[in-house]
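J.: turn this into a model:
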Amino acid sequence: MPAQPEVSYTPCPICKRPVNPNTRDQPNSPYPFCTERCKLVDLGRWLDAKYQIPVVEDDTDIRDE
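T.: You can find the predicted model right below:
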């Protein structure tokens with residue numbers, strides 16, 4: 001019997017519990033989160049603006065030209 005390939009678990013971005021990456025192909029999978037709850041916690045953080053994408057301001061202003 002061939003050995004099963006070892007699965008490399010990734011941590012849930014919210015609670016750090018291990019998440020099996022093979023679950024991402026399942027319908028309605030919360031991947032990369034471990035549960036629907038962690039998925040909703042992450043969504044709430046985005047909606048509350050707790051996550052921000054950094055913006056680098058350009059020193060030149062097109063109105064100065």
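J.: please make it C-alpha for all contacts and neighbour counts, starting now.
T.: Fine.
J.: sec struct for K39, please.
T.: Secondary structure, DSSP: H, G, I helix; E, B strand; the rest coil: K39 is helix.
J.: my read is that it contacts F33, right?
T.: Yes: the pair K39 and F33 qualifies as a contact (Cα atoms under 8 Å) at a distance of 5.8 Å.
J.: what's near enough to touch S8?
T.: 20-21 (Cα atoms under 8 Å, 6 or more residues apart in numbering).
J.: ok, it to V41 distance?
T.: From S8 across to V41, the span is 24 Å (Cα to Cα, to the nearest Å).
J.: now P54
T.: In this structure, P54 and V41 are separated by 21 Å, where distance is defined by Cα to Cα.
J.: those two - which one has more neighbours?
T.: Per other Cα atoms under 10 Å, whichever of P54 and V41 has more neighbours is V41, with 13 against 6.
J.: list the contacts for the more buried one?
T.: The contact partners of V41, by Cα under 8 Å, 6+ apart, come to I14.
J.: quick one: pLDDT of it?
T.: Reading off the per-residue confidence, V41 sits at a pLDDT of 97.
J.: do the one 4 residues further on as well
T.: Note for R45: predicted pLDDT of 95.
J.: pretty sure it is touching C38, no?
T.: No: with contact defined as Cα under 8 Å, R45 and C38 do not form a contacting pair (10.7 Å).
J.: and the helices in the protein?
T.: 36-47 (DSSP state H).
J.: so where's it shaky on pLDDT?
T.: Flagging of the chain using pLDDT under 70 yields the residue ranges 1-5, 61-65.
J.: make it 80
T.: Along the chain, the parts satisfying pLDDT under 80 run over 1-7, 58-65.
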